[in-house]
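>>> Give the three-dimensional model of this entry:
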Amino acid sequence: MVAGMKIFLYGPPGSGKSTCGRLLAESLELPFIDLDREIEASSGQTIAEIFDAEGEAGFRSREKRQLMQQVERREGVIALGGGALLDEESRRRVQAAGQVVCLMAVLAGLAGRLEAEAGKRPLLMEDLRSGLEALLGRRAGHYASFPIQVDTTGLTADQAAWEIQIALGHFRLTGMGEGYDLIIRNGALDELGSLLQQRNLKGPAAIVSDEHVAPLYLARARSALEAAGYAAGEIVLPAG
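Residues are numbered from 1 along each chain as shown. Prediction:
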């Protein structure tokens, strides 16, 4: 399990947040939470029924309350509704709590995925394609403002989940014995101390390297650990 990691999947309806989220959570050995399903479970109503009874404002109020509960989770992959982060406070809280990945796809792809469940989408109840096009027009700038973007057009759910891992630079490797995390992204070494803190690991730490790599990266690794309060020892082995 990637302890302490929260990933929020966001984007327009039909972009694959729930389907990809389940697969991503399985790959990273994290809990999966679908925000809309949590809202339905807590209210005893479907999303469509909430819209009918309380309107969009009532739904957004319920959505925000449920989202604030998920922000406090220790870890998980959380699939958000397509408008959950329109509220500025919700966006700030979510971005402070974890990483937001915005999933996008071309209009035809989104519409194709939604056709089977149009009745469950209160904001797209009239003509699905034109309603979706209008919604994308209103929210285009909003969705584009999230730094981590993954285009799911033409991808299977498995492929999209893999692309999300690539975008995050975070993978979970399993085999014999316990699995472990693999982090490949720019600046990852500078996150070393904070990554250990996320896992509630205590010091001291030992940096194991060889005589070729140590001159290049050991000081930087030690600095990242010490900045997070870890005492760090060094073990430099002969290369080869």
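
>>> and the longest helix for this structure?
The longest helix of the chain (DSSP state H) is helix 47-71.

>>> what sits up against the helix or strand just after that helix?
Heading C-terminal from helix 47-71, the first helix or strand you meet, by DSSP states H and E, is strand 76-79. For strand 76-79, contacts defined as CB atoms under 8 Å, 6 or more residues apart in numbering pick out 6-9, 17-18, 21-22, 24-25, 28, 30-36, 70, 98. C-beta coordinates here come from the backbone N, C-alpha and C atoms, glycine included.

>>> Swap in 6 Å and give it another go.
Under the contact criterion CB atoms under 6 Å, 6 or more residues apart in numbering, strand 76-79 has outside partners 6-9, 17-18, 21, 24-25, 30-34, 70.

>>> Now the two most distant members of those.
By the measure CB to CB, those have their two most distant members at Lys6 and Ser18, which lie 16.6 Å apart.

>>> more crowded one of those two?
When Lys6 is set against Ser18 and neighbours are counted by other CB atoms under 10 Å, the residue ahead is Lys6, at 22 against 17.

>>> quick one: pLDDT of that one?
The model reports Lys6 with a pLDDT of 94.

>>> Excluding chain neighbours, give the residue nearest to it in space.
Ranked by CB to CB, 6 or more residues apart in numbering and with sequence neighbours excluded, the top spatial neighbour of Lys6 is Gly98, at 3.0 Å.

>>> what's the domain layout of the chain?
For the chain, the structural domains run 6-170, 186-237, going by automatic domain parsing.

>>> tell me the mean pLDDT for the shortest one?
In this model, domain 186-237 has an average pLDDT of 94.

>>> Off-centre distance for that domain?
On the basis of CA atoms, centre = their mean, to the nearest Å, domain 186-237 is displaced by 26 Å from the centre of the chain it belongs to.

>>> end-to-end on it?
26 Å (CA to CA, to the nearest Å).

>>> The first one now?
End-to-end distance for domain 6-170, by CA to CA: 12 Å.

>>> Same check on stretch 189-203?
Stretch 189-203 has its terminal residues 17 Å apart, counting by CA to CA.

>>> That stretch: which residues count as buried?
If you call a residue buried by 16 or more other CB atoms under 10 Å, then stretch 189-203 has these buried ones: Leu192, Gly193, Leu195, Leu196, Gln198.

>>> elements contacting the host helix or strand of the fourth one?
In other words, Leu196. Using DSSP H and E, Leu196 sits within helix 192-198. When contacts are defined as 3 or more CB pairs under 6 Å, 6 or more residues apart in numbering; DSSP states H and E, helix 192-198 packs onto helix 214-227.

>>> Can you point out the buried residues in the helix it packs on?
So for helix 214-227, counting by 16+ other CB under 10 Å, buried means Ala214, Leu218, Ala221, Arg222, Ala224, Leu225.

>>> can you check stretch 144-153 too?
Phe146, Val150, Asp151, Thr152.

>>> sorry, back to before: run through who's touching the helix or strand that the helix holding Leu196 is followed by.
Sequence order places strand 205-210 as the next helix or strand after helix 192-198, per DSSP H and E. Strand 205-210 has contacts (CB under 6 Å, 6+ apart) with Leu218, Ala221, Leu225, Tyr230, Ala232, Gly233, Glu234, Ile235, Val236, Leu237, Ala239.

>>> I am finished for the moment; much appreciated.
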